[in-house]
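> sequence isn't available, so here's the structure alone:
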């Protein structure tokens, strides 16, 4: 996947949990050589956030995951993806308190939007669920050809809408162990080349998208 992104000169946002950052420093070193933004992905997949979780316990999970990833990468991590996309009622407040500007758990819009917290706005960043490679190919047992067609169809609709309503976020969630295998990676390249073949497409990380969105709001634009 990184080879394809490099070939096409595309930035990306990479979600990593704290356990991966601690156990595989070679992976962090490799990612630092590429144009990636690091997104915190919780402690590990066994620690899911849920309503009813003690606030202090969830705060410790969030704080620990962020501290680990920030130390491992030397980067100021400001994006978040919860394990299983699960949040409690306290999650947005706790993320904002720990310096996280946006989270990718909410798959219900094509634009970022602000959620009110005690620390000010915390933004929901669109991350597609229905066209997530794992969902389509592993959960729904569809082929890589069907996944590619669905992603292109999604793009076509958003591209048409952008001409009338302004920019839309076209996210493409990928898992190395799904789309990064030899018999599927060609479809990733095909989809990305198709999208890049259209005028006016901006390839950006989540942090870049949020910065542009907030700046646009300040200028009175949608």
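Arrived safely, thanks for sending. Just so it is clear, the structure is predicted and the values come from calculations on it, not from any experiment.
> residue 68: which element?
For residue 68, the host element (DSSP states H and E) is helix 55-73.
> what mean pLDDT does that helix have?
Model confidence over helix 55-73, given as mean pLDDT, is 97.
> helices or strands up against it?
Secondary-structure packing of helix 55-73 (3 or more Cβ pairs under 8 Å, 6 or more residues apart in numbering; DSSP states H and E): helix 18-23, helix 25-32, strand 36-40, helix 91-97. Every residue, glycine included, has its C-beta placed from N, CA and C.
> so what's the gap between the second one and the chain middle?
Relative to its parent chain, helix 25-32 has a centroid offset of 18 Å by Cα atoms, centre = their mean, to the nearest Å.
> and it, which residues are buried?
Residues of helix 25-32 classed as buried by neighbour count (16 or more other Cβ atoms under 10 Å): 28, 31.
> before we move on, the earlier item: quick check: angle from the helix holding residue 68 to strand 36-40?
160 degrees (axes from the mean of the first three to the mean of the last three Cα atoms, to 10 degrees).
> helix, strand or coil for residue 182?
Classification of residue 182 into helix, strand or coil gives coil, according to DSSP: H, G, I helix; E, B strand; the rest coil.
> okay, now it: neighbour count?
Applying the criterion other Cβ atoms under 10 Å, we find 6 residues in the vicinity of residue 182.
> so residue 86 is in contact with residue 48, correct?
Yes. Residue 86 is in contact with residue 48 according to Cβ atoms under 8 Å; the separation is 4.9 Å.
> between the two, who's got more neighbours?
Between residue 86 and residue 48, counted using other Cβ under 10 Å, residue 48 has the larger neighbour count: 17 against 14.
> low-confidence ranges, this protein, go.
218-222 (pLDDT under 70).
> mind naming the longest helix for it?
Of all segments of type helix in the chain, defined using DSSP state H, the longest is helix 144-165.
> so what does the following helix or strand past it touch, helix or strand wise?
Past helix 144-165, heading to the C-terminal end, the next element that is a helix or strand (DSSP H and E) is helix 185-196. In terms of contacts (3+ Cβ pairs under 8 Å, 6+ apart), helix 185-196 is packed against helix 2-7, helix 144-165.
> run the angle between the helix holding residue 68 and helix 25-32 for me.
When the same axes, to 10 degrees is applied, the directions of helix 55-73 and helix 25-32 differ by 70 degrees.
> let's have the helices and strands packed on helix 55-73 in a markdown table, adding distance to residue 75.
Output for those, formatted as a markdown table (distance: least, Cβ to Cβ, whole Å):
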| stretch | distance to residue 75 |
| --- | --- |
| helix 18-23 | 11 |
| helix 25-32 | 8 |
| strand 36-40 | 5 |
| helix 91-97 | 17 |
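> what's the closest of the ones you listed to residue 110?
Residue 110 lies closest to strand 36-40 among the helices and strands packed on helix 55-73, at 19.1 Å (Cβ to Cβ).
> strands paired with that closest one, and their directions?
Listed by DSSP bridges, the sheet partners of strand 36-40 and their directions read strand 12-16 (parallel), strand 79-80 (parallel).
> most tightly packed of those strands?
Highest mean neighbour count among these (mean count of other Cβ atoms under 10 Å): strand 79-80, with a mean of 26.
> to residue 205, which of the helices and strands packed on helix 185-196 lies closest?
Taking Cβ to Cβ, helix 2-7 is the member of the helices and strands packed on helix 185-196 nearest to residue 205, at 11.5 Å.
> now for the closest one, which elements pack on it?
Helices and strands in packing contact with helix 2-7 are listed as helix 185-196; criterion 3+ Cβ pairs under 8 Å, 6+ apart.
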